[in-house]
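Engineer: This is a predicted model, with the sequence first.
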Amino acid sequence: MPEHKNALSGGWEERRVSGKRVEVFCPVETVRYVCIYLHSYSCESLATRTALRDELLRYGLVCIRPDSGQSWWTNRRLPGFDPVITPEQFIVEHLVPWIRGEWDLSARSIGLFGFDMGGQGALRLAFRHPAIFPVVAALAPSIDYHELYWSGLAIDDMYRSKEECRQDTATMHINPYDYPQHIFFATDPDDPWWRGSDRLREKLTALGIPHTCDLATRAGGHTWDYFDRMVSRALRYVKDGVERESRRLL
């Protein structure tokens, strides 16, 4: 049975991985590095994000954008996503093997990148699976999403309490002995989620874990203007990181 493909605008196409919809942008003939983009709470398509597309072309990065709905990219089941497989399981157990098989990639050739809900999801996944995701970049990550508990969102059903939700946030999954080798995150000082990024910086610094962060650049707060301003820096970090990791294996 032929694989499902559907052309989208801007050079993107829709594919199916284990029955799940993903968007794919492949600007190069020879694929060496791939970036998985985790979408925000708004579940935006990337087909109209011209700033992102321009930077993917500049750095020759293939980008894969899975769709998880408003799941916060956790390891919790969400009926709207799948009754059995969690978003984390889909990425680790289905999407990553598909990417490696599709382009015959070696290990440590895949970076994680996300914005808002996807930013915290990328950090959380990388902290939990540093061997699979040694490179992670997050813009405006909504790390302290437990603060939204009892707001009528899906997390009310995913967790039994606000504290249980907090214990599952990215900052709580840092392992001081096993962590991603390349960590980048950035948040506008006017972003209401800024304090979570500051706490993450404090904890990484206290543990002596190398990281790069920008919590000072102002470019519109928690907005797409900020994303467009910072996306080049984030993708350059991902490209440099996966390139270094792949050379480590030689």
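Structural biologist: Now that the structure is in, tell me what you want to look at.

Engineer: tell me which element S42 is part of?
Structural biologist: Per DSSP states H and E: S42 is located in neither a helix nor a strand.

Engineer: which residue packs closest to it, ignoring adjacent ones?
Structural biologist: Nearest-residue entry for S42: D116, 7.6 Å, with adjacent residues in sequence omitted and distances by Cβ to Cβ, 6 or more residues apart in numbering. For glycine as for every other residue, the C-beta is placed from the backbone atoms N, C-alpha and C.

Engineer: for the longest helix along the chain, what is the average pLDDT?
Structural biologist: In the chain, with assignment by DSSP state H, the single longest helix is helix 224-248. The pLDDT scores in helix 224-248 average 94.

Engineer: and the residue nearest to S42, what is it in contact with?
Structural biologist: Each residue near D116 by Cβ atoms under 8 Å, 6 or more residues apart in numbering is listed here: S40, Y41, S42, L139, A140, P141, S142, H222.

Engineer: packing partners for the longest helix of the chain?
Structural biologist: strand 34-38, helix 50-59, strand 110-115, strand 135-139, strand 182-186, strand 212-214 (3 or more Cβ pairs under 8 Å, 6 or more residues apart in numbering; DSSP states H and E).

Engineer: Tell me how far the helix or strand that the fourth one is followed by lies from the chain's centre.
Structural biologist: Where DSSP H and E defines the elements, the next helix or strand beyond strand 135-139 is helix 155-158. Distance, stretch centre to chain centre, for helix 155-158: 21 Å (Cα atoms, centre = their mean, to the nearest Å).

Engineer: pLDDT below threshold where in the protein?
Structural biologist: The chain contains residues with pLDDT under 70 at 1-5, 7-9, 249-250.

Engineer: before we move on, the earlier item: what's the angle between the longest helix of the chain and strand 182-186?
Structural biologist: Going by axes from the mean of the first three to the mean of the last three Cα atoms, to 10 degrees, helix 224-248 is angled at 170 degrees with respect to strand 182-186.

Engineer: doesn't Y237 make contact with C35?
Structural biologist: No - assessed by Cβ atoms under 8 Å, C35 is found out of contact with Y237, at 10.5 Å.

Engineer: Any of the contacts of D116 buried? List them.
Structural biologist: Buried by 16 or more other Cβ atoms under 10 Å: S40, Y41, L139, A140, P141, S142, H222, out of these.

Engineer: returning to that earlier point: which residues does the longest helix of the chain contact?
Structural biologist: If you take Cβ under 8 Å, 6+ apart as the criterion, helix 224-248 is touched by 32-33, 35, 49, 51-52, 55-56, 58-61, 106, 108-113, 115, 134-135, 137-140, 181-182, 184, 186, 188, 191, 212, 214, 217, 219-220.

Engineer: now these: which count as buried?
Structural biologist: Counted by 16+ other Cβ under 10 Å, these give 32-33, 35, 49, 52, 55-56, 59, 61, 108-113, 115, 134-135, 137-140, 181-182, 184, 186, 188, 191 as buried.

Engineer: Kindly export stretch 75-95 (C-alpha atoms) in PDB.
Structural biologist: Extracted in PDB, the C-alpha atoms of stretch 75-95 (Å, rounded to 0.1, in the frame of the first residue of the first chain):
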ATOM      1  CA  ASN A  75       3.700  10.600  28.800                       C
ATOM      2  CA  ARG A  76       0.000  10.600  29.800                       C
ATOM      3  CA  ARG A  77      -2.800   9.200  27.700                       C
ATOM      4  CA  LEU A  78      -5.100  11.700  26.000                       C
ATOM      5  CA  PRO A  79      -8.100  10.100  24.200                       C
ATOM      6  CA  GLY A  80      -8.100  12.900  21.600                       C
ATOM      7  CA  PHE A  81      -4.600  11.800  20.600                       C
ATOM      8  CA  ASP A  82      -4.700   8.100  21.100                       C
ATOM      9  CA  PRO A  83      -6.500   5.700  23.600                       C
ATOM     10  CA  VAL A  84      -3.300   3.600  24.100                       C
ATOM     11  CA  ILE A  85      -0.200   5.500  22.900                       C
ATOM     12  CA  THR A  86       1.000   8.600  24.700                       C
ATOM     13  CA  PRO A  87       2.500  11.500  22.800                       C
ATOM     14  CA  GLU A  88       5.900  10.800  24.300                       C
ATOM     15  CA  GLN A  89       5.700   7.100  23.300                       C
ATOM     16  CA  PHE A  90       4.700   8.100  19.800                       C
ATOM     17  CA  ILE A  91       7.800  10.300  19.400                       C
ATOM     18  CA  VAL A  92      10.300   8.000  21.000                       C
ATOM     19  CA  GLU A  93       9.000   4.600  19.800                       C
ATOM     20  CA  HIS A  94       7.400   5.400  16.500                       C
ATOM     21  CA  LEU A  95       8.500   8.800  15.000                       C
END
